[in-house]
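Undergrad: Okay, predicted coordinates and the sequence, questions at the end:
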Amino acid sequence: MVSHKAGPLKQAKKAHKHGKHRSKGALSVKGKTGVVSGKGKSGVASLTKKDRRNRDKQIKKAKLTSSAADKRGLGGAGHAPLCVALVPAHSGIDLSQTLQLLQKQGEVQATSGNSFYLMSNRLKKRLQVVCPGGSIFDQLDTVKCADLLVIVWDSSYNIDPLLRTCLFAQGLPPVQHMVVQMSEQKVSDKDIAIQKKQFNEVLMKNNFSLNNAKVQYMREERDFDNVLWGLVNFKHHTLGFLKDRGYLISSQVELQETGPQTGTLVVRGYLRGRGLDPDQLVHIPGHGHFRISKIVSSPDPFSESNVTGKVYECTNPQTLEMECEVDEMDAEQTWPTEQDFAEAEEAKKLAKRVPKGTSAYQAVWMLSDDEEEEGEDSGMEDEEGEEESEESEEEYVELEEEESDCYKDSDNYDVHFEAEEEAAELKKFREAREDEEFPDEMDTPTDIAARIRFQKYRGLKSFRTSGWDPQENLPRDYARISQIKNFRLVRKSLLKQSGSDKPVSAGSHVDVYISEVPLSLKDSSSSSLTIFSLLPHEQRLSVQHVAQARHPLSTVDIKSKELLLAQVGFRRYVIRPIFSHHTKSNKHKLERFMPVTGNFVASFYAPITLTDSPAMLFKIEEDSTVSLLSTGTLLSCDPDRIVCKRVVLSGHPYKIHKRSAVIRYLFHNREDIAYFKPVQVRTKHGRRGHIKEALGTHGHCKITFDKPIQQSDTVLLPLYKRVFPKWHFEYF
């Protein structure tokens, strides 16, 4: 038997290209495994799969152990006491009896005003119980710093809607509910079950979560015996905008006069958050930002030792200046160079097809044939486009021959013009359109020329894609503010630096000496104060933008640049904002009034805020009370955000011939038509066109559109102008 052998012309199979590494087959032939010994590119020895699993298991176990230790340490020795904020559901609830019964549950230390320290030897926990004042902002400031919020209810189960909305908008720490229904008569189990069911329905109605909600019912004095057990057992978390800064809620406040109008404020309490650096600035809500002169470690009220601690002096203080120094000579002063002159001479030599009788100045503003063709429909086929262009040229020639019907003798166009009849028709037309909803539409003024009234406006071919230099024609107020070129990158870098260890760590009991504090703060020194540390550059003024949504219960009309109160994070100030659309474009249309539905953006002058913070807008009433308008969050601090005010001039077709039409009421003189001739017009039905010429002396003009228009259509001329917030800033 003869076997077949391949001939010399047999093509060999191409070898597999496995890359630079050796294949599994090559490794198995040499008796090696896929694990490479030695160190990798990072300089760390490679681990086997079993070792990697063991490493991950150890990391997970270490994290769980650390988390459990932190949870056990909350309120214990070496940590700050648990801050519990007692907030009544409405102003009619008296907390005096509740506070007295709470103080009987442990050893009371350092009672000051509306706050006191409570030590429970049975639970080995320390608490700082704070009952804020009756003002809504005092309650919000206390809740920011609290580890636990306890809402005290009475038998009516009512809650202040303003308080509830502001708490949800600001952000809630862990929440517990205490229902105080003190009664000498014994309540049956059936009545207790009914009351619990009714209260759960109230919590659901007010959007409080029922999954982890802890409700404690206080009907007798003995019910307070186990109240501390519920207060110290909860899942702890901190509000997001406070994770990167240090803050303190005072237990004792003292103002030392050092001058006729200023003094040194000494705030004592436990430091929380990230710790504090004496070189940092601190913010006191309602008063502003100040420097720290020194920080002194004070004796712990729960400790028996009274030895004073270390003193941390301020060595590199930051500036308190909010505004930049205005340089009067730093204006835009440019002089054309020789290259600019050469380019201008070349531009003069470019030929452009213009109508007969057009001046050189008007020719500069006229669109070329290529620019006009860009506004036409680009989705049609090339052959159809060519046929349409040829047809339009033929029509244009015919119109010149047949112009005697519609446009004959334009010099004598207004011989038979009746001014009174035209005015009556204009009045009737305006009255017919009063009920139409078009907020940006504006009638062309008759007492002043449109080219003067709208000289600061410009026309845009496309609001979305047309360019707009954010650095041109800036107001004088922009010289007083600071600008961060890359806000996201700078914020990321500064927040990373804030995570480093501070000289004074969190949990320390300290006395913070704040210098140059006005003596007007003396009135509020008896109540609990809260101070917050500022990150670098957060004292500087800039243009702040907050994304907002209107509160459902707010129906009052709010105009742009109206005096409002804003709370962004832990700061409050009086501002005059402007409202705009919330879009991803580089230009945003102005809203003349605060929108009732949907999202919008409010822009105003305010200090830079680097952390993501909640934002709320309030209206200040005549009796100094406030009403909530909108809630949202901080968007950015960017002075380059362009907000454009739109004005739409409207006209009505008078005579129509194919794609050309005579439009009236758009202008009232020939000079305005020549001035706005380069601007593209449009109609409500989507047609686009360009102004060709003026007819007569009373504002009639001939416009050519991309397609024929209807007699019932309206011709619109949109104009845009950049607007800026009104300068107004003061702390509230």
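TA: That came in fine, so what should we check first? Everything numeric here is computed off the predicted structure, so don't read it as measured data.

Undergrad: If you drop the residues flanking it in sequence, what lies closest to Leu460?
TA: Ser466 (4.3 Å; C-beta to C-beta, 6 or more residues apart in numbering). All C-beta spots, glycine's among them, are computed from the backbone N, C-alpha and C.

Undergrad: ok now the helix or strand harbouring Ala68, how far from the chain's centre?
TA: Per DSSP states H and E: Ala68 is located in helix 49-73. Helix 49-73 has its C-alpha centroid displaced from the chain centroid by 38 Å (C-alpha atoms, centre = their mean, to the nearest Å).

Undergrad: what's the answer for stretch 206-222, then?
TA: Using C-alpha atoms, centre = their mean, the offset of stretch 206-222 from its chain centre is 35 Å.

Undergrad: May I see the buried residues of that stretch?
TA: Asn206, Phe208, Val215, Gln216, Tyr217, Met218, Arg219 (16 or more other C-beta atoms under 10 Å).

Undergrad: Mind telling me the two of those farthest from one another?
TA: Asn206 and Arg219 (22.2 Å; C-beta to C-beta).

Undergrad: With just CA atoms, put stretch 299-317 into PDB.
TA: Written as PDB, here are the backbone C-alpha positions of stretch 299-317 (Å, rounded to 0.1, in the frame of the first residue of the first chain):
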ATOM      1  CA  PRO A 299     -10.800  71.000  79.300                       C
ATOM      2  CA  ASP A 300     -13.300  68.400  78.400                       C
ATOM      3  CA  PRO A 301     -16.500  68.900  80.500                       C
ATOM      4  CA  PHE A 302     -16.800  65.100  80.900                       C
ATOM      5  CA  SER A 303     -13.200  64.800  82.100                       C
ATOM      6  CA  GLU A 304     -12.000  65.400  85.600                       C
ATOM      7  CA  SER A 305      -8.700  66.900  84.500                       C
ATOM      8  CA  ASN A 306      -8.800  70.700  84.200                       C
ATOM      9  CA  VAL A 307      -5.400  71.100  82.500                       C
ATOM     10  CA  THR A 308      -5.400  73.500  79.600                       C
ATOM     11  CA  GLY A 309      -4.200  72.100  76.300                       C
ATOM     12  CA  LYS A 310      -2.100  73.300  73.500                       C
ATOM     13  CA  VAL A 311      -2.400  76.700  71.800                       C
ATOM     14  CA  TYR A 312      -2.500  76.800  67.900                       C
ATOM     15  CA  GLU A 313      -1.600  80.300  66.600                       C
ATOM     16  CA  CYS A 314      -2.500  81.700  63.200                       C
ATOM     17  CA  THR A 315       0.800  82.000  61.200                       C
ATOM     18  CA  ASN A 316      -0.400  82.500  57.600                       C
ATOM     19  CA  PRO A 317      -3.800  84.300  57.600                       C
END
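
Undergrad: in that stretch, what counts as buried?
TA: For stretch 299-317, by 16+ other C-beta under 10 Å, it's Asp300, Pro301, Gly309, Tyr312, Cys314.

Undergrad: Out of those residues, list just those in strands.
TA: Mapping those onto strands (DSSP state E) picks out Tyr312.

Undergrad: Mind picking the two most distant members of the buried residues of stretch 299-317?
TA: Pro301 and Cys314 (25.8 Å).

Undergrad: one step back: tell me the one of the buried residues of stretch 206-222 nearest Lys10?
TA: For these, the nearest to Lys10 is Phe208 (82.3 Å; C-beta to C-beta).

Undergrad: got the contact list for that closest one?
TA: Val175, His177 (C-beta atoms under 8 Å, 6 or more residues apart in numbering).

Undergrad: one more time with 10 Å, if that's ok
TA: Ile151, Ile159, Arg164, Leu167, Phe168, Leu172, Val175, His177, Asn200, Val202, Val215 (C-beta atoms under 10 Å, 6 or more residues apart in numbering).

Undergrad: In helices, which of these fall?
TA: Per DSSP state H, helices hold the following members of the contacts of Phe208: Arg164, Leu167, Phe168, Asn200, Val202.

Undergrad: Could you measure from the residue nearest to Asp225 when sequence neighbours are not counted over to His289?
TA: Spatial nearest neighbour of Asp225, chain neighbours left out: Gln105 (7.0 Å); criterion: C-beta to C-beta, 6+ apart. Here the criterion is C-beta to C-beta, to the nearest Å. By it, Gln105 lies 39 Å from His289.

Undergrad: Those two: which is more packed in?
TA: Shown here are Gln105 and His289; by other C-beta atoms under 10 Å, His289 has more neighbours (22 against 19).

Undergrad: can I have the one helix or strand the more buried one maps to written out in CSV, keeping just the CAs?
TA: Assigned by DSSP H and E, His289 belongs to strand 288-297. Extracted as CSV, the C-alpha positions of strand 288-297 are listed here (Å, rounded to 0.1, in the frame of the first residue of the first chain):
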residue,chain,number,x,y,z
GLY,A,288,-20.0,86.7,57.3
HIS,A,289,-16.5,85.3,57.3
PHE,A,290,-13.7,86.1,59.8
ARG,A,291,-10.1,85.2,60.7
ILE,A,292,-9.1,82.9,63.5
SER,A,293,-6.5,84.4,65.8
LYS,A,294,-5.9,81.2,67.8
ILE,A,295,-7.3,77.9,68.8
VAL,A,296,-6.9,76.7,72.4
SER,A,297,-7.6,73.2,73.6
